[in-house]
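Q: Got a predicted structure plus its sequence, pasted below:
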Amino acid sequence: MDKLLLLVLSFLLFQSPLEAQTARDEIRNNVCLSASNYLAYPGPSQKKLTPAPKGYSPFYISHYGRHGSRYLISPDDYDVPVRVLARADSLGKLTPLGKDVLRRVTMLRDEAAGRLGELTELGAEQHRQIARRMYERFPEVFKGNVVVDAKSTVVIRCILSMENEMQQLLLMNPKLTIKHDASMHDMYYMNQSDPALYAQKMPRRAEVMWKEYCSRRVNPERLMLSLFSDSSYVRYEVDASDLNYKLFSLASNLQSSELRHKITLYDIFTDDELYANWQMENTWWYINYGACPLNGATQPFSQRNLLRNIIHQADSCIALDEPGATLRFGHETMVLPLTCLLGINGYDSQISSLDSLESKGWINYKVFPMGANIQLVFYRRSRNDKDVLVKVLLNENEATLPVKTDCAPYYRWSDFKKYYLDKLDTYKN
């Protein structure tokens, strides 16, 4: 009996943490995860990849990646919190904490001055490390003077992210032939503009449901009372919801700044507030970029040109003796819907109830941190091998696809191609 009890207790000890590991728990253990798309790239959690089937070796990589860590884009992101807090301070309406928060947000504003939306030092380092690991994991792809064909959107943070990866690859193999470009010529698939789909993102029904969802969770009252000494002043002079959102954005983005070594803003929020703010962001990103039934579940098709380019480019490169790599650098607004279009790790789920997102595994920070990337790694046994296999890595971790396979996490390229071309053909403009 004692042995049986010990066995049961041991089972519960090892099982419970895994079963209880919710987004709330993960955010409590690592507050940086609450940042959603502002999460600084954490690097792969999977250190050892699944060996390829016998006789197969990697020979080509097709990739789409987000730029690395950046400063916030709008001047209001920095100026509004400073202005609101500074005005209250001039009227004697700040608490000691409020005064200290004013000091910290002023530091952030000054650091970002003239650098809005630009790549940070950390962002550059993230891409050097991603390139290093790509080279070390798949050296066969980068041997000799093979071609690395890199393209970026025309945004400077994406261009610099590309250049940092190219520099790292050249350091590891100076013989590589590097082609790199950033042109409006390629923006039709690198950063597709689709006014028709964009107009469908947040229909009235979805907007009402999202706002109701957020109103039940996000409450800035406690935060405001901790910063301001006069509740009447807050009621009449402060847009509490907007200030909460902007302070949360600054807190989230601080992890991408060199000031992360000196200050934080996460301390002004409770664990519940961080979680609630993340929930607001998680549902917003699902509605606007996921396969959300509230707007027709079509938003992932915004990346249909990108997916067709990936497929057609891969077919062309497979025909070569040594195709090297095709690397693309853009934004999270491409990485997330492309992930959903591909159905990576079940992110093509159509979930009607926003309350069910987390329980069904739709967790945004697992997809699109700063530096997020999707790598398709191709394998074959010989130059003439027609049975090409492909494996997908999401943020350098092996991932699943909704494509039938008998050798997961590897998929036959012929099956991959048919599945997604058929899916793309179902979408009508």
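A: Thanks, I have it. Residues are numbered from 1 along each chain as shown.

Q: C-alpha only now, for contacts and for neighbours.
A: Noted.

Q: how much space is there between the spatially closest residue to T400 that is not a sequence neighbour and A112?
A: The shortest distance from T400 to any non-neighbouring residue, by Cα to Cα, 6 or more residues apart in numbering, is to N345 (5.0 Å). Going from N345 to A112 by Cα to Cα, to the nearest Å gives 36 Å.

Q: for E258, what are its contacts?
A: 121-122 (Cα atoms under 8 Å, 6 or more residues apart in numbering).

Q: if you set the cut-off to 6 Å instead, what comes out?
A: By Cα atoms under 6 Å, 6 or more residues apart in numbering, the contact list for E258 is empty.

Q: check which helix or strand covers D415.
A: D415 is part of helix 413-425, with elements assigned from DSSP states H and E.

Q: related to what we said a few turns ago, ok, now how distant is the residue nearest to T400 from R222?
A: Distance from N345 to R222, by Cα to Cα: 37 Å.

Q: same check, this time on L393
A: L393 is 41 Å from R222, by Cα to Cα.

Q: Mind checking which of the two has more residues around it?
A: L393 (19 against 11; other Cα atoms under 10 Å).

Q: ok so the more buried one is a strand residue?
A: Yes: with DSSP: H, G, I helix; E, B strand; the rest coil as the criterion, L393 is part of a strand.

Q: Can you list the buried residues in stretch 206-217?
A: Of the residues in stretch 206-217, 206-207, 210, 213-214 count as buried by neighbour count, 16 or more other Cα atoms under 10 Å.

Q: Three-state assignment for the residue nearest the centre of the chain, please.
A: Centroid check for the chain by Cα atoms, centre = their mean gives F368 as the closest residue, at 0.6 Å. Classification of F368 using three-state DSSP returns coil.

Q: again, but for Y198
A: With three-state DSSP as the criterion, Y198 reads helix.

Q: Start from the N-terminal end of the stretch 51-200 of the chain and give the strands.
A: 57-66, 147-152, 177-182 (DSSP state E, counting those that start in this stretch).

Q: just how off-centre is the second one within its chain?
A: It refers to strand 147-152. Chain-centre distance of strand 147-152: 21 Å, with Cα atoms, centre = their mean, to the nearest Å.

Q: so what does it touch, helix or strand wise?
A: strand 177-182, strand 324-330 (3 or more Cα pairs under 6 Å, 6 or more residues apart in numbering; DSSP states H and E).

Q: rerun at 10 Å
A: Judged by 3 or more Cα pairs under 10 Å, 6 or more residues apart in numbering; DSSP states H and E, strand 147-152 is in contact with strand 57-66, helix 156-172, strand 177-182, helix 187-190, strand 324-330.

Q: Rounded mean pLDDT for the fourth one, please.
A: When you say that, I think you mean helix 187-190. Average pLDDT, helix 187-190: 97.

Q: how deep is G114 tucked in, by neighbour count?
A: Using other Cα under 10 Å, the number of residues around G114 comes to 10.

Q: do you know how far it is from L33?
A: For G114, the distance to L33 (Cα to Cα) stands at 27 Å.

Q: ok, now L401?
A: L401 is 24 Å from L33, by Cα to Cα.

Q: now swap in F138 and tell me
A: F138 is 29 Å from L33, by Cα to Cα.

Q: When these two are compared, which one has more neighbours?
A: Between F138 and L33, L33 has the larger neighbour count (other Cα under 10 Å), namely 25 against 16.

Q: I'd guessed that one sits against F368; true?
A: No: using Cα atoms under 10 Å, L33 is not in contact with F368, being 11.0 Å away.

Q: For those two, list the residues in contact with both.
A: The contact sets of L33 and F368 overlap at 39-40 (Cα atoms under 10 Å, 6 or more residues apart in numbering).

Q: buried sites along stretch 398-418?
A: 398-401, 403, 408-413, 416-417.

Q: And for stretch 42-49?
A: Buried-residue list, stretch 42-49, by 16+ other Cα under 10 Å: G43.

Q: starting at the chain centroid, how far to that stretch?
A: Worked out by Cα atoms, centre = their mean, stretch 42-49 lies 16 Å from the chain centre.

Q: Between the two ends of that stretch, how far is it?
A: Terminal-residue distance, stretch 42-49 (Cα to Cα): 17 Å.

Q: Good, wrapping up.
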